[in-house]
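S.K.: With the sequence up front, the predicted model follows.
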Amino acid sequence: MELRQIEYFLAVVEHGGIGGASATLGVTQPTVSQALRALEREFGVQLFHRIGRGMVPSAAGRALVGSARQMVRDVGSVQDALAVGAEEITGRVDILASPFIDGATLADLLTAFVAEHPAARVRVRDLHDESAASTMIEEGRCEFVVTHLGTLDARADGLEVITLGEQEFWLVCPPGTDLPDGPIDIADLPRIPMVFVPRGGTVADEIESAMREAGVRPPVAVLAEHREERLPMVLAGVGATLLERRVAESVADHATVRPVRPRFVHSLVLMYDPSALSAAAQAFLTVARFVAPTP
């Protein structure tokens, strides 16, 4: 087994097929196919199911993903250490972050880590489904997930969490929207179009459920996944939305902003598997524990 074969295997997992993997890797499709066949012969198992033009990992393939990702991270850490000196923390920390989190909290954590370990690198990608947080870690797709704890019990999966703080969601309406002072009951939301997110995130689902229970059916103007897409739409007058309190308060001079009842408050957590952390990830965890508020 060669590291190159493992990298090809992971690229096919990421892109769902040989075509996308070969384009990303800069090699021919037959080269990737040969590497996969060599791995399957060595392990004596089928790693992928071919479905049309795509490929999905078999049960054996899914079992290999976590170890394969850890192997690539470890090799990268060794190479970096040899390049800059073994006394420094090197390597890359992989993080998946919910698009619904308060980005400033994560930014504070990243700033502290980079200042402490300038030779290390961090890759942050979107966690599109908060309910899949533990699966992403178990499959080795990341070492940390930053998300809302909600009703998810990470410890039931052998994972641990550090609470980074609380996050409350407020109503943000286009400039000039006429609203009474003070908190707005969900049942009394203004009858204006809304800029919502697709279902699938725990916070989005909770807000939608509360509206249904209150008998509220506001018209939906736009479905947008990311916070950075929603705020400009609100300020342009497209519709209203619910955003993190810190973000909402930052635009209070340019929009109509109110807290809501019931309050939507979630603990913002850093989730991880303590048995599967690289040296860089362990250093990141140390910084997170220092930065996290005292319980």
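M.R.: Right, received. Where do you want to start?
S.K.: For the protein, which segments are assigned as helices?
M.R.: 3-15, 18-25, 29-43, 59-84, 103-116, 133-138, 202-213, 227-235, 245-250, 279-291 (DSSP state H).
S.K.: Mind listing residues that contact the second one?
M.R.: Contacts made with helix 18-25 from outside it, assessed by C-beta atoms under 8 Å, 6 or more residues apart in numbering, are listed as 7-8, 11-12, 14-15, 28-29, 31-33, 36, 53, 55. Placement of C-beta: from N, CA and C, glycine included.
S.K.: Can you list the buried residues in that helix?
M.R.: Using 16 or more other C-beta atoms under 10 Å as the test for burial, helix 18-25 gives 18, 21-22, 25.
S.K.: Tell me if I'm right that Gln67 and Gly61 touch.
M.R.: I think there's a mix-up here, since residue 67 is Ser and not Gln. No - under the criterion of C-beta atoms under 8 Å, Ser67 makes no contact with Gly61, lying 11.4 Å away.
S.K.: So between these two, which is more surrounded?
M.R.: The neighbour count for Ser67 versus Gly61, taken as other C-beta atoms under 10 Å, is higher for Gly61 (23 against 12).
S.K.: Okay, the more buried one and Ala221: tell me how far apart.
M.R.: 42 Å (C-beta to C-beta, to the nearest Å).
S.K.: And Glu7, by the same measure?
M.R.: 43 Å.
S.K.: for Glu138, same thing?
M.R.: Using C-beta to C-beta, we find Glu138 at a distance of 38 Å from Ala221.
S.K.: for Ile184, same thing?
M.R.: From Ile184 over to Ala221 the distance is 19 Å, taken as C-beta to C-beta.
S.K.: do the same with Ala240
M.R.: 9 Å.
S.K.: Show me the common contact partners of the two, please.
M.R.: Residues touching both Ala240 and Ala221 (C-beta under 8 Å, 6+ apart): 193-195.
S.K.: Pass me the low-pLDDT residue ranges in the stretch 1-150 of the chain, would you?
M.R.: 73-87, 102, 150 (pLDDT under 70).
S.K.: Recalculate using a threshold of 90.
M.R.: With pLDDT under 90 as the threshold, the stretch 1-150 of the chain has low-confidence stretches at 1-94, 97-108, 118-121, 123, 125-143, 147-150.
S.K.: now the contacts of helix 18-25 as TSV including neighbour count?
M.R.: Shown next, in TSV, are the contacts of helix 18-25 (neighbours: other C-beta atoms under 10 Å):
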residue	neighbour count
Glu7	17
Tyr8	24
Ala11	20
Val12	27
Glu14	13
His15	17
Thr28	11
Gln29	13
Thr31	15
Val32	22
Ser33	15
Leu36	21
Arg53	9
Met55	22
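S.K.: now, the most widely separated pair of those residues?
M.R.: Glu7 and Arg53 (21.7 Å; C-beta to C-beta).
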